[in-house]
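In: 3D, please:
(chains A and B)
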Number of protein chains: 2
Amino acid sequence: MRVGIVGLGLIGGSLGLALRRLGESVEVRGVAHHPNGVVAAQQRGAVDRASTDLRDLADCDLVVVATPINQIRPVFEGLAGVVRRATIVTDVASVKRPVLEWARCLPEPSQFLGGHPVAGKERSGLSESDATLFRGETWIFTPVDGQELTPFDEWFRLVRGIGARPKILSAEAHDRQMAFLSHLAFTISTAYAQTVRPVADSELGGPGYRGMVRLAEGDASLYEDIAATNRGPLVEAIDSFADVLRDYRERIDRGDRVGDLFRRGVHATR
Amino acid sequence: MRVGIVGLGLIGGSLGLALRRLGESVEVRGVAHHPNGVVAAQQRGAVDRASTDLRDLADCDLVVVATPINQIRPVFEGLAGVVRRATIVTDVASVKRPVLEWARCLPEPSQFLGGHPVAGKERSGLSESDATLFRGETWIFTPVDGQELTPFDEWFRLVRGIGARPKILSAEAHDRQMAFLSHLAFTISTAYAQTVRPVADSELGGPGYRGMVRLAEGDASLYEDIAATNRGPLVEAIDSFADVLRDYRERIDRGDRVGDLFRRGVHATR
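Out: From the prediction side, this is the model:
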C-alpha cells in the first residue's frame, strides 16, 4: 500500500515513522511545505521518499493531510487535480465540521473520511515525532450520515497496527467533545499561565504548577486556528467552566466547607 | 542528630526515607496517628523507630510536623508539654500564616520556623512516599520579622542534603505566591474535571486532557483545608484568572484572531 502524507510535523512525521515500522508492505511518500522539511523527514526516516510537490502523490492509495488547519483547504484543492477518484483521503485535524465542508472539492468526496488522532505533545514539529505517539490513544473518525466505510477498512487496519483505537463519531459530536476535552483545556492552561506571570515567581512552582502550564507551551498558531474554527462549542465550554468556577469562588469566599466540591472533581476523573 | 517526624504520609514518609539515606548521623523517630501507620512506616524503612505517642519525641533535636493542616494545632499543643526549649520545630504545610499563629503555644516560639517543601504527587499517603520527592524542588521557609535563623542551620543543611533548595520568604508572600502557583491550580483542575464530566467522554481525552485533570485526583480534604486557611489570597487568584479567561472568551466569541493571547500564555511559562 502506498500512503502519502502531506505535512511532516509532529503528527505527519510520527505517522510516517509508525507506518514504516509496520514493514515493507507500506510505502510512505511525504510532501513537505519547504525543501528543508523534505531533507529532515528523509534523515529522520519518517518517509521512503519526499518532495514539496503534491503531484508526487498521484499514485498513492491513501493520502493523509497532516498540515496546520489553515492549510487543509488549499491542500484539498491541490489534491483535487492530482489524485484518482479511487484514492482515499483523510486528515488529522482537531476540528472536523469545517474539514468535511472543505473536502467537498475532492474528486470523490465519498472517498474522504475525516479523522483525528487524539495524541500529541506540548512541543510540535518533526523533531518531536515519535513512532509510538499513537499507541493506546483513540483515533476518531467522523463519517457523514450514511457514508459507506468499506473503502477505509485497510486504513483502520493500519491505524490499529500502529497502536491506536479507531472510534466513530459524528463531526458535530466530535467537535463538542473536543471543545471540552482539549480546546477548553489549552485555553484554561494558557489563561492560567498568563494570570500567574505578573504575580508569582514560577521558580516557586512545584510539579502541580508545571503540569497545569504544560499545554500553554503548545503551538499558539494551532490553538488560534482551533479556537477560530470551533468557536461555538469552545465558547459554550468556557461558559460552563466559568459557571462551575464561580460556584467554587463563592463558596470558598463565604467560608463554606468545600470538601464536597473537591471530592466531586476527583470522581469526575474516574 | 535525632529528627522526629509527626505524620507519616506522603511528605512525612518521603522525608524519613530521604533523611535515612543520608547516613547514620541522622536518626529518624516517627509518630503516626494510628498503630497501622507505625507498622507501615517501619516496613517501608521511613523511620528508625515509630510509635503513636508524641512523648517519644522528647529527646529529639528537631521535630517536623507533617500532619494534615487541621491537625497541626493540636500537635503543637501536644508537643508543648513534651519538647525541650532548645528543640527546633518546623512544619511542611502549604499555608503559613495560620501555622505561625498556632506555633505561639510552643515552649520557645523563636525555635519554630515555618516551612513548605514545594513537592508532591497527585496521590497521597505513605505508600506513595519516595526518597527523591524533594530533589530539585524549592523548600520555602517563612521566618517572622527579625527571627534569628542560626538555630536552623543544621536543618537547612539536611534539606540541601536531600536535594531541595531552601528559600526564605515572608509568610504573607508565601501564601499569596502559593494561592496562584498551587491553590489556584488545583481549584481550576478540579472545576475543569467537574465541568467536563456531564458533557464529554473522558475516554476520548488525550494526554492534554489527562494532564489537566491530574491535580483533581489529589486529596480533597487537603484542598478543603488549604482553601479554608488561605481563603483571601485564593479568592483573589480565582478572580484574576476569571478576568483573564473572560477576555479570552469575549475575543474568541467575537471571532478575533487570538494568536497573540495564546502566545502570551507561552511566554508566561518561560
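
In: Pop out the phi and psi values for residue A:54.
Out: The phi/psi pair for residue A:54 (degrees, to the nearest 10) reads phi -60, psi -30.

In: isn't it right next to residue A:87, touching?
Out: No - at 12.0 Å, residue A:54 and residue A:87 do not qualify as touching, with contact defined as Cβ atoms under 8 Å. Glycine gets a C-beta too; all of them are placed from N, C-alpha and C.

In: More neighbours: which of these two?
Out: Remark: of residue A:54 and residue A:87, residue A:87 carries more neighbours, 23 against 20, as counted by other Cβ atoms under 10 Å in any protein chain shown.

In: I figured the more buried one was touching residue A:61, is that so?
Out: Yes - using Cβ under 8 Å, residue A:87 makes contact with residue A:61 at a distance of 6.5 Å.

In: Next, work out how far apart the closest residue to chain B within the stretch 1-150 of chain A and residue A:49 are.
Out: Relative to chain B, the nearest point of the stretch 1-150 of chain A is residue A:118 (3.9 Å; Cβ to the nearest Cβ). Noted for residue A:118: a distance of 29 Å to residue A:49, by Cβ to Cβ, to the nearest Å.

In: Between those two, point out the one with more neighbours.
Out: Legend: neighbour count by other Cβ under 10 Å for residue A:118 and residue A:49, higher for residue A:118 (25 against 13).

In: Tell me both backbone torsions, phi and psi, for the more buried one.
Out: phi -80, psi 80.

In: I figured the residue of the stretch 1-150 of chain A closest to chain B hits residue A:139, correct?
Out: Yes - in this structure, residue A:118 is within contact of residue A:139 by Cβ under 8 Å, at 7.1 Å.

In: quick one: the strands in chain A?
Out: A:2-6, A:27-31, A:49-51, A:62-65, A:88-91, A:112-117, A:138-142, A:165-168 (DSSP state E).

In: Give me the helices and strands touching the third one, please.
Out: Read it as strand A:49-51. Counting contacts by 3 or more Cβ pairs under 8 Å, 6 or more residues apart in numbering or on different chains; DSSP states H and E, strand A:49-51 is packed against strand A:27-31, helix A:35-44.

In: Residue A:216 and residue A:187 touch, don't they?
Out: No - with contact defined as Cβ under 8 Å, residue A:216 does not reach residue A:187; the gap is 9.6 Å.

In: Residue ranges of each domain in chain A, please.
Out: With domains defined by automatic domain parsing, chain A comprises A:2-169, A:174-268.

In: Put together TSV for the ones you listed, with mean pLDDT and distance to residue B:156 on each row.
Out: Listed next are the domains of chain A as TSV, based on pLDDT from 0 to 100; distance: least, Cβ to Cβ, whole Å:
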stretch	mean pLDDT	distance to residue B:156
domain A:2-169	96	35
domain A:174-268	93	17
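
In: which residues does the residue nearest to residue A:119 when sequence neighbours are not counted contact?
Out: Distances taken as Cβ to Cβ, 6 or more residues apart in numbering or on different chains place residue A:137 nearest to residue A:119, at 4.3 Å, with adjacent residues excluded. Residue A:137 makes contact with A:117-119, A:163-165, B:206-207, according to Cβ atoms under 8 Å, 6 or more residues apart in numbering or on different chains.

In: Closest one of those residues to residue B:158?
Out: Sorting the contacts of residue A:137 by how near they are to residue B:158, with Cβ to Cβ, puts residue B:207 at the top with 36.9 Å.

In: give the contact list for the closest one.
Out: Here residue B:207 is in contact with A:119-121, A:137 (criterion: Cβ under 8 Å, 6+ apart).
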